[in-house]
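Chemist: my questions are about this predicted structure, shown below with the sequence.
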Amino acid sequence: MATEENGVSDRSFLLGKKTDLIEAKRTNVTVGERDLIIIHHQGTFYAMDQHCYHAGGSLLNGDIEEFDSKLCIVCPKHKYKISLEEGEGLYKASNPREKNPQPRWYSKGIKQRVHKVTEVDGNIFVTLSEVPGWIESDYYQTEKGREELKKA
Ligand code: FES
């Protein structure tokens with residue numbers, strides 16, 4: 001079991017100084033063998049897998065927009081929307097079975113693995129998600145994931 005103090009545990013990794021990461025806005029880092037993107041947006045830090053769950057595109061230059069009251073990064077490759085907070089995949093559609101079909105937002109569930117960001121004394125740490133099982137973005141972040149993808 002990881003010991004934890006101030007939200008930082010022995011599974012946390014120092015990313016750098018808060019001021020530097022704020023200035024950068026987006027930072028890509030490799031933690032262990034995992035590629036992450038660290039985002040500072042409107043006063044909040046977010047960390048998620050860097051390669052999009054759909055087909056592995058880099059999220060580094062994705063626009064950030066609000067959809068269905070959720071801040072999302074839009075993958076530059078095919079425009080998939082991923083919520084920054086939870087890694088939820090969102091899409092807009094209308095249900096043809098409804099009487100007057102109106103387009104609305106739907107969730108595909110958690111598709112992109114997100115990680116915890118913690119600030120301690122002006123330094124920023126990331127703690128990798130321990131959510132068990134495979135999340136779709138896992139297949140693109142590590143060699144092991146890419147091997148699994150080839151088997152599928
Ligand atoms: Fe991201 Fe297709 S790779 S939307």
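Modeler: Arrived safely, thanks for sending.
Chemist: okay, CA-based contacts and neighbour counts for the rest of this
Modeler: Noted.
Chemist: how about the most centrally placed residue in the chain: what's its closest non-neighbour residue?
Modeler: Closest to where the C-alpha atoms of the chain average out (CA atoms, centre = their mean) is Met48, at 2.6 Å. Leaving aside its sequence neighbours, Met48 sits nearest to Val114 (CA to CA, 6 or more residues apart in numbering; 4.1 Å).
Chemist: didn't the one you found look like it was pressed against Ser129?
Modeler: Yes - with contacts counted by CA atoms under 8 Å, Val114 reaches Ser129, the gap being 6.5 Å.
Chemist: is Met48 bridged to anything, and to what?
Modeler: Taking DSSP bridges as the rule, Met48 bridges to Ile37, Val114.
Chemist: gap between it and the ligand?
Modeler: 13 Å (CA to the nearest ligand atom, to the nearest Å).
Chemist: same question for Asn61.
Modeler: Taking CA to the nearest ligand atom, one finds Asn61 at 11 Å from the ligand.
Chemist: that residue: neighbour count?
Modeler: Using other CA atoms under 10 Å, the number of residues around Asn61 comes to 12.
Chemist: can you report phi and psi for it?
Modeler: Backbone geometry at Asn61, expressed as degrees, to the nearest 10, gives phi -110, psi 20.
Chemist: ditto for Leu149
Modeler: Dihedral angles of Leu149 (phi, psi; degrees, to the nearest 10) stand at phi -60, psi -40.
Chemist: the ligand contacts on the protein?
Modeler: Residues of the chain lying close to the ligand (CA under 6 Å from any ligand atom) are Cys52, His54, Ala55, Gly56, Gly57, Cys75, Lys77, His78, Lys79, Tyr80.
Chemist: just to confirm, which helix or strand has the third one in it?
Modeler: Just to be clear, that refers to Ala55. In this structure, Ala55 sits in neither a helix nor a strand according to DSSP states H and E.
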